[in-house]
Each structure stands twice: as structure tokens, then as C-alpha cells.
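S.K.: Sequence below, structure please.
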Amino acid sequence: MKFFPAVRLHPFARRLLRPLLDPYRRYRHAKLIHAVRVSIGLLATILLTTGLNFPHGEWASVTMLVVIGGLQHHGNIGKKAVERAYGTLIGASVGLLLVAQQAYLGLPLLTYLLMSVVCGFFSYHAIGKGGYTALLSGITVFIVAGHGENPLSDGLWRTVDILIGIALALAFSFALPLYAVYSWRYNLASALRDCATLYSRTINGQSMTDDEHLKLLNRLNAVMLQLRSLMPSVSKEVRISMTELDSIQRHLRMCISTLEILGNTRPDPRDAQAMARMQLALKAEHRQIRVQLIGMARALKSGATQRLERPSGTPTAEPGLAAPVHNALDGYRLLTLQLAANVDAMSGRLAKSSGRWKI
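M.R.: Prediction:
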């Protein structure tokens, strides 16, 4: 899926812009890019509102910070900007009505009562779906109306400033966009490499309780949570269904769980004969699992998805699972076959969706 039309650049310009155009470098320096983008956006709002001498122009800068200040990924910025726009229009309309009735009736106590009731209504809807819009509506009422004493012209100017801030925030969100799919790809690639490392440690008889092994497991668990939080934004950005993303996540979770079980059911590393029999019996599976895990990691990082489409040659786990288990080695072998089938299925899902996440 392409977000922008292909543009032919001069080789020198391509080399010069490579740090900015390369997705992996943008992912690694995402915080710096985000900070620079917000700083330039704030400078633009200040120069625009000050240059045109807009009253209360600081609210454009406040809105810029509210919309994109804490939102790094492009998939979130658009949604928050729309919610902010709705909240602004609703809150500004209510605020202007309150200012108008205060100017007409001149009853401050009535204004305070109406403001409290209206904001209580918004607070009721701030809990649950659409809560962000409701909360911003209540905040905007006070931005526009104050405590009811603001002139109507001030309320109108503040509304205009807030809408300018939203428009500029959206414009700057498209400048070197930081897609959530980048974080999803590279974190998933890192997790798959860690899975390959865990598997190598398991089959080579290394300790399952030392600090390095536990550190890998903790890192994988942290990445699992991070990938889960990125899924809604990734789905919006590249139009991959949440069901498909959840399936990929489930394969990763099963892979990690199976690796933990394998570590606890493998032959005793001190039993050289048992380890040798295990290595000989599962030599093809060991090699194929490691090759596929590293292959998926490389495809996700580089975008070279051809390796995902190669046949794995891994035997399916179903026939083996029907066989009786006579000893620990049989159980270990069945788990290995199950892991191989799971890794193969994950590779297939990544290959199927690669046209969308490879941007």
C-alpha cells in the first residue's frame, strides 16, 4: 500500500535525504523528529497569529500542543484532530450562547448555573466512548466564555484560533509522518530475533534460569504489550483488519509460550546421549525454525518479503500430534513440530499482508 506517489529523485538528492526517507532511521530517531516537528509547528502558529495580529493567538499554539504534542504516530493524530475539531465546535457554540445570554440578561448566577449544568453533562459523557470529545467540549466552553464575562468578539476569535491550531497540527502531521506501522514492524522483528535466540539457547543446552535468558523473556513480554497497543493505529494506517493483526499477535504469543515449555521439557543438558539423540532426531526442524524466525525478522526490517513466500519444507504438526507419547523425548518432539507449524503459519500471514505493511 502506497501513501504517496513515487517521486524520482536525483541520486545526489536521494543520498542527501536518505536519513529522512529511510523508515528504519525515522523509527530510531522518532522522538527527535517528533520534537523538531512540534517545535516548527509551534513557531508557525506563533508567526501566523502574531503576523496577522489575531487576538488571543496563544490558543492556536495550545491547540497545536493538545492535538500532536503527545501523539507521535500518524494513525492517532488524524483521529485526535477530528475529535478535537468536534469538541471545539460543540464547546465554542455552547460558550458563545452562554456569553450571548449573559450579555442579554445580565444574570451572572444564571450563567454560572448553566455552565455548571452543561459541563456536568459533558462530564457524564466523558466516561466511555467519545469521552475525549466530550471532555474537550467542556474545556472549550471555558476557553471561549470564561465565566460568562468575555465579550462575544473574544469568544469568536478564540474559536478561530483553536481551529487554526487544528489545521496546522494536521498539516504538520503529514511532514515526515511517523507511522505506527514502523514501530510495529521493527518491534515484531526484534521479538522474532529474540525468539530465535531463545530457541538456540534451548536446543544447545544453555541455562534456562540465568540472567540473560530471563532478560530475553522479560523483553519479549514487554514487546508483546507494546505491539498490542500499536495495533489500532496500525490498522487505521495500512488498512489491515484488527482480526488479522490479532492473529499475527497470537502466533507470536504461542511461539513464546511454546519456547518456555520446550525449555522446561528438553532432555537434561548433562545427559550427553539424550541431547545428541534429540539433536539428530530434530535436526531438520531445528534448522527450519531458526531460518524462518530470522527470515521473518529480516523481511520485516528490510521490506524484502520474497523470503516469506519461499516454501518452508517444515512437516506439519498434525500427523505427529496423533502419535502416542511414550517418553519425554516424544513430548519434546511433538512440541517442536507444533512450534514449527506455528512459525510457518505466522510467516504465511505476514506474507499475505506484506503488501500493506511494507511501506
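S.K.: In terms of secondary structure, what does the strand or helix carrying Gly355 contact?
M.R.: Under DSSP states H and E, the secondary-structure element containing Gly355 is helix 328-357. Taking 3 or more CB pairs under 8 Å, 6 or more residues apart in numbering; DSSP states H and E as contact, the helices and strands that helix 328-357 lies on are helix 180-203, helix 211-238, helix 242-265, helix 272-281, helix 283-302, helix 317-321. Just so you know, the C-beta spots here come from the backbone N, C-alpha and C atoms, and that holds for glycine as well.
S.K.: Tell me which residues of that helix come out buried.
M.R.: Along helix 328-357, these residues count as buried under the neighbour rule (16 or more other CB atoms under 10 Å): 329, 332-347, 349-351, 353-354, 357.
S.K.: angle of that helix against helix 180-203?
M.R.: Using axes from the mean of the first three to the mean of the last three CA atoms, to 10 degrees, the direction of helix 328-357 lies 160 degrees away from that of helix 180-203.
S.K.: pLDDT averaged over helix 328-357 - what is it?
M.R.: Across helix 328-357, the average pLDDT comes to 83.
S.K.: Identify whichever of the helices and strands packed on helix 328-357 lies nearest to Ala171.
M.R.: Closest to Ala171 of those, according to CB to CB: helix 211-238, at 17.9 Å.
S.K.: and the gap between Arg253 and Leu339?
M.R.: Applying CB to CB, to the nearest Å, the value for Arg253 to Leu339 is 13 Å.
S.K.: got a list of what the spatially most central residue of the chain touches?
M.R.: Nearest to the centroid of the C-alpha atoms of the chain, with distances taken as CA atoms, centre = their mean, sits Leu230, at 2.4 Å. Residues touching Leu230, when contacts are defined by CB atoms under 8 Å, 6 or more residues apart in numbering, comprise 73, 180, 183-184, 187.
S.K.: Most neighbours among those, which one is it?
M.R.: The member of the contacts of Leu230 surrounded by the most neighbours (other CB atoms under 10 Å) is Trp184, with 28 neighbours in all.
S.K.: just checking, it touches Pro232?
M.R.: No - applying CB atoms under 8 Å as the test, Trp184 and Pro232 come out as separate, 10.8 Å apart.
S.K.: correct me, but Gly331 touches Asn264?
M.R.: No - using CB under 8 Å, Gly331 and Asn264 do not qualify as a contacting pair, with a distance of 10.9 Å.
S.K.: mind giving me the domain split of this structure?
M.R.: Taking the TED database as the criterion, the chain consists of the domains 17-175, 180-312+322-356.
S.K.: ok, back up a step: for the contacts of Leu230, which one is nearest Leu152?
M.R.: Once CB to CB is applied, the member of these that ends up nearest Leu152 is His73, at 38.7 Å.
S.K.: helix or strand right after the top helix by length along the chain?
M.R.: The longest helix of the chain (DSSP state H) is helix 74-105. Next helix or strand after helix 74-105 toward the C-terminus (DSSP H and E): helix 108-125.
S.K.: average model confidence for that following helix?
M.R.: Along helix 108-125, the predicted confidence averages to a pLDDT of 87.
S.K.: Now it: buried residues?
M.R.: 111, 114-115, 118-119, 122.
S.K.: hey, which helix or strand in the protein has the poorest pLDDT?
M.R.: Sorted by mean pLDDT, DSSP states H and E, the helices and strands of the chain end with helix 317-321, the least confident at a mean of 45.
S.K.: If I look at Ala222, what pLDDT would I see?
M.R.: 90.
S.K.: Over to the one 4 residues further on?
M.R.: The pLDDT attached to Gln226 in the predicted structure is 88.
S.K.: Check Ala322 too.
M.R.: Reading off the per-residue confidence, Ala322 sits at a pLDDT of 49.
S.K.: Likewise for Glu212?
M.R.: We have a pLDDT of 84 for Glu212.
S.K.: Check the burial of it by counting its neighbours.
M.R.: As a burial measure, Glu212 scores 10 neighbours (other CB under 10 Å).
S.K.: From Tyr332, how far out is it?
M.R.: Applying CB to CB, one obtains 22 Å for the distance of Glu212 from Tyr332.
S.K.: Buried deepest among the helices and strands packed on helix 328-357, which one?
M.R.: By mean neighbour count, with neighbours taken as mean count of other CB atoms under 10 Å, helix 180-203 ranks first of the helices and strands packed on helix 328-357 at a mean of 21.
S.K.: Tell me which other helices or strands it touches.
M.R.: Identification of packing neighbours for helix 180-203 by 3+ CB pairs under 8 Å, 6+ apart yields helix 23-28, helix 74-105, helix 211-238, helix 242-265, helix 283-302, helix 328-357.
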